[in-house]
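Undergrad: Give the three-dimensional model of this entry:
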Amino acid sequence: MPNPGRSASRIVGIGLLSDATGNAVARSSHVAGLSALSLSALGVVFGDIGTSPLYTLKTVLNLGGGTPDAAVTLGVLSLVIWTLIVVTTIKYVNVAMRIDNDGEGGILALMALLGIKRRHRPTIIAVGLFGAALIYGDGAITPAISVLSALEGLEIVLPAFAPYVLPLSVLILVALFALQPQGTARIGRAFGPIMALWFAAIALLGLWGIARHPTVLIAIDPRHGLSYLLSGGAKGFLVLGGVFLCVTGAEALYADMGHFGAGPIKLAWSAVVFPSLVLNYAGQAALVLEGAPISDNIFYRLCPSFLLLPLIALATIATIIASQSIITGAFSMTRQVHITQTSAEGYGQIYVGTVNWLLMLVTVGLTVGFGKSDNLAAAYGIAVSATMLMTSALLFMAMREIWGWSPIAAGAVAGTFFLVDAAFFAANITKVAEGGYVPLVLAALVYGVMLIWHLGATAVAARLQEAVMPVEAFMARIREGRIPRVPGTAVFLTRTQRDVPPVMVWHVKHNRALHERLIVLTVTTQSVPWVREPERVTFEEIAPRFWRAAARYGFMERPDIPALLQQAQGLGCAIDLADITYYVGHETVVPDEDDKALPRVAEALFAFMQRNSAHLTEYFRLPMDAVVEIGRQVSV
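TA: Model prediction:
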């Protein structure tokens with residue numbers, strides 16, 4: 001006879017073993033997935049901040065003027081290390097990344113969370129959009145300064161090559177932008193391992209430099225940095241503008257959170273990026289303490305001469321990756337910016353192609369105009385420091401409204417961040433005359449485009465809403481006019497939220513016929529990055545075989561109307577998916593003369609942008625051979 005107690009204990013034991021094994025496998029799988037995502041994040045998120053050792057320390061020491069003594073060198077290094085700790089590790093990694101808009105981060109996502117999602121706040125929306133415009137301004141400089149800094153190492157190995165650094169930089173940048181329309185998915189897979197190699201290389205170089213002068217490590221004590229600031233007077237304060245270059249890519253950590261999640265980015269920063277940066281900056285400072293000249297690139301002085309060419313090649317590739325990340329980020333931000341402005345009024349005519357070529361022209365122009373990375377450094381950082389200042393202000397509101405912190409607690413934390421950012425912004429603002437005006441002018445132009453597009457889209461939506469016809473009146477006109485109903489389904493895409501849209505009225509007026517089944521479809525973009533599938537679309541039958549559909553997408557999603565209509569059958573909308581014709585209105589904007597008209601300059605600029613915007617057929621992924629465009633004039 002079997003022993004039930006023994007059997008039971010055996011079953012329990014097997015269960016515990018199975019559970020332990022399953023948990024172990026799950027933990028192993030989780031660790032493997034986290035590691036893989038962290039490796040990918042190295043190539044996408046950390047390109048900008050990861051290549052900053054190429055130019056940061058030499059820029060800061062040159063700002064100090066003359067040959068730096070030990071106090072200056074240690075003070076500068078201490079400021080760099082603690083800037084990385086306070087701005088990147090504490091503010092962005094440990095605080096900002098805990099505040100997300102359904103997984104998405106960055107100033108635009110934070111703006112949408114506080115300014116649209118929770119309540120409509122035009123001021124917050126304006127702040128967020130201007131912050132995005134500022135990022136565009138510095139985004140054009142990043143590829144230029146990064147690639148120039150990498151190639152300037154050739155002047156150390158081959159002085160005769162100096163005249164060719166600028167043309168080669170331009171060639172690389174043009175090639176990089178020319179590749180964008182082809183997509184970079186295949187190249188992207190290699191970004192992570194290449195950047196991992198880059199961080200390993202700069203860490204080892206830094207260790208080699210530290211080994212030559214280990215006392216440099218005392219700069220970890222923040223008192224060295226504070227002493228330098230307090231004793232340096234105005235010159236010491238202005239040096240902060242150069243110190244800030246070490247964190248110009250910190251905003252990307254927060255903005256790219258939606259691509260990888262907070263965990264992989266935090267792991268990559270803490271385990272790889274931050275230690276590598278600190279070691280390399282310390283290694284460069286150690287060489288300066290040993291008496292190395294600061295007239296050329298200190299970064300390359302860390303490298304043994306026989307490895308210099310391979311390091312220059314690796315640095316060039318790393319800066320190309322950093323530039324690619326900036327370009328990709330600009331595309332993503334373009335989508336978010338557009339959607340934020342026109343979410344309730346219009347459709348997604350985005351300027352991705354235009355952004356690519358405009359960025360190329362501006363970047364190449366800056367490269368040629370400034371000529372050297374030292375010159376570009378004067379124009380670099382001012383826009384990002386302003387964006388970080390705005391992010392700190394929004395973080396204060398988030399701490400109060402989302403976390404429920406008291407004003408004192410939120411003010412203490414966010415106020416500290418704000419003071420640090422304000423100091424960096426004040427130091428950077430002094431560089432306006434030396435080139436800092438460039439990103440500010442670019443940001444003003446971008447913000448002007450945003451504002452005009454918003455005003456124009458709102459005006460067009462208002463005019464179209466005035467031209468709608470009640471459903472009962474429209475159907476009565478169809479019956480009275482004996483308008484024939486032809487087989488098939490017509491889908492009318494419209495901005496209007498009620499009644500019969502003008503595009504359907506004009507279709508009947510010009511074609512004297514109407515399909516048997518009608519769908520009026522309105523697409524809106526929500527202030528969340530992703531919309532749950534059950535909430536994607538609703539159908540309402542407003543007349544026999546006449547439905548009004550409302551589709552909702554998040555600001556990180558791209559609409560797919562044919563795929564959306566496949567849900568129609570299950571929601572009571574009996575249509576033949578194989579026999580659909582899509583009707584879209586193509587508005588030609590003309591000036592109006594009434595009191596509601598836009599200023600003539602704004603109207604002309606909006607009309608120009610609309611003529612050159614992406615096509616609705618492409619944006620909504622409509623089949624080209626099933627789309628009918630109905631032209632119409634709209635006066636604004």
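Undergrad: Next one: residue 80 from residue 278, what distance?
TA: According to C-beta to C-beta, to the nearest Å, residue 80 stands 8 Å off from residue 278. C-beta here means a position set from N, CA and C on the backbone, and glycine is covered the same way.
Undergrad: Mind checking which of the two has more residues around it?
TA: A direct count of neighbours by other C-beta atoms under 10 Å for residue 80 and residue 278 places residue 80 higher, at 29 against 20.
Undergrad: what about that one, which helix or strand?
TA: helix 70-83 (DSSP states H and E).
Undergrad: what helices or strands is the helix or strand just after that helix leaning on?
TA: Beyond helix 70-83 in the direction of the C-terminus, DSSP H and E gives the next helix or strand as helix 107-112. Counting contacts by 3 or more C-beta pairs under 8 Å, 6 or more residues apart in numbering; DSSP states H and E, helix 107-112 is packed against helix 122-139, helix 250-255, helix 308-342, helix 382-401.
Undergrad: Pick the most buried one from those.
TA: Of all the helices and strands packed on helix 107-112, helix 250-255 carries the top mean neighbour count, a mean of 27, counting by mean count of other C-beta atoms under 10 Å.
Undergrad: now what about the helix or strand following that helix, what contacts it?
TA: Downstream of helix 250-255, the first helix or strand assigned by DSSP H and E is helix 257-260. The contact list for helix 257-260, computed with C-beta atoms under 8 Å, 6 or more residues apart in numbering, reads 37-38, 40-41, 44-45, 97, 100, 103-106, 109, 265, 529, 556.
Undergrad: Put the alpha carbons of the next helix-or-strand element following helix 257-260 into CSV.
TA: Counting by DSSP H and E, the element after helix 257-260 in chain order, helix or strand, is helix 262-268. What follows is helix 262-268, C-alpha atoms only, in CSV (Å, rounded to 0.1, in the frame of the first residue of the first chain):
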residue,chain,number,x,y,z
ALA,A,262,13.1,52.5,-18.7
GLY,A,263,14.8,49.4,-17.5
PRO,A,264,17.2,48.7,-20.4
ILE,A,265,18.2,52.4,-20.7
LYS,A,266,18.9,52.6,-16.9
LEU,A,267,20.9,49.4,-17.1
ALA,A,268,23.0,50.6,-20.1
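Undergrad: just checking, what packs against the helix or strand following helix 262-268?
TA: Downstream of helix 262-268, the next assigned helix or strand under DSSP H and E is helix 274-290. Contacts defined by 3+ C-beta pairs under 8 Å, 6+ apart place helix 274-290 against helix 47-50, helix 56-64, helix 70-83, helix 185-212, helix 298-301.
Undergrad: Check the spacing between the closest residue to residue 221 other than its chain neighbours and residue 214 real quick.
TA: With C-beta to C-beta, 6 or more residues apart in numbering as the criterion, residue 221 has its nearest non-adjacent residue at 6.8 Å, and that residue is residue 78. According to C-beta to C-beta, residue 78 stands 16 Å off from residue 214.
Undergrad: So for those two, which sits in the more crowded spot?
TA: residue 78 (24 against 10).
Undergrad: Am I right that residue 261 is in contact with residue 40?
TA: No. With contact defined as C-beta atoms under 8 Å, residue 261 does not reach residue 40; the gap is 10.9 Å.
Undergrad: Which one's more surrounded, the two?
TA: Shown here are residue 261 and residue 40; by other C-beta under 10 Å, residue 40 has more neighbours (20 against 17).
Undergrad: For the nearest residue to that one once chain neighbours are set aside, give me its contacts.
TA: Using C-beta to C-beta, 6+ apart and skipping residues adjacent in sequence, the residue nearest residue 40 is residue 192, 4.7 Å away. Contact analysis of residue 192 by C-beta under 8 Å, 6+ apart lists 39, 40, 41, 42, 43, 44.
Undergrad: Now name the helix or strand holding the first one.
TA: Residue 39 belongs to helix 4-44 when assigned by DSSP H and E.
Undergrad: Need the mean per-residue confidence for that helix.
TA: Here helix 4-44 scores 48 as its mean pLDDT.
Undergrad: Ok, stretch 376-393 next?
TA: 83.
Undergrad: Centre of the chain to it, how far?
TA: 15 Å (C-alpha atoms, centre = their mean, to the nearest Å).
Undergrad: Please save the CA atoms from it in CSV.
TA: Below are the C-alpha coordinates for stretch 376-393, written out as CSV (Å, rounded to 0.1, in the frame of the first residue of the first chain):
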residue,chain,number,x,y,z
LEU,A,376,30.9,74.9,-33.4
ALA,A,377,31.3,74.3,-29.7
ALA,A,378,30.4,78.0,-29.1
ALA,A,379,27.0,77.4,-30.8
TYR,A,380,26.4,74.1,-29.2
GLY,A,381,24.3,73.5,-26.0
ILE,A,382,22.3,76.7,-25.7
ALA,A,383,19.1,75.2,-27.1
VAL,A,384,19.4,71.9,-25.2
SER,A,385,20.0,73.8,-21.9
ALA,A,386,16.8,75.8,-22.5
THR,A,387,14.9,72.6,-23.2
MET,A,388,16.2,71.0,-20.0
LEU,A,389,15.1,74.1,-18.1
MET,A,390,11.6,73.7,-19.5
THR,A,391,11.6,70.0,-18.6
SER,A,392,12.5,70.8,-15.0
ALA,A,393,9.5,73.2,-14.8
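Undergrad: Could I get the full set of strands for the stretch 451-600 of the chain?
TA: 485-493, 514-525, 537-543, 546-553, 580-590 (DSSP state E, counting those that start in this stretch).
Undergrad: how much space between the residue nearest to residue 221 and residue 282?
TA: 10 Å.
Undergrad: Could you name every residue contacting both of these two?
TA: With C-beta under 8 Å, 6+ apart as the test, residue 78 and residue 282 both reach residue 219.
Undergrad: for the stretch 151-300 of the chain, which spans come out with low pLDDT?
TA: 180-189 (pLDDT under 70).
Undergrad: what's the closest of the helices and strands packed on helix 107-112 to residue 205?
TA: Nearest to residue 205, of all the helices and strands packed on helix 107-112, is helix 308-342, at 7.9 Å by C-beta to C-beta.
Undergrad: Give me the mean pLDDT for the closest one.
TA: For helix 308-342, the per-residue pLDDT averages 71.
Undergrad: do stretch 528-548 as well
TA: On average, stretch 528-548 scores 85.
Undergrad: Determine how far that stretch lies from the middle of the whole chain.
TA: 30 Å.
Undergrad: now do stretch 42-49
TA: Here the centre of mass of C-alpha atoms in stretch 42-49, compared against the chain's by C-alpha atoms, centre = their mean, lies 13 Å away.
Undergrad: residues making contact with that stretch?
TA: With C-beta under 8 Å, 6+ apart as the contact definition, stretch 42-49 has outside contacts at 50, 88, 142, 146, 188, 190-196, 199, 246-250, 252-253, 256, 259-260, 265, 268-269, 272-273, 277, 318-319, 321-326, 328.
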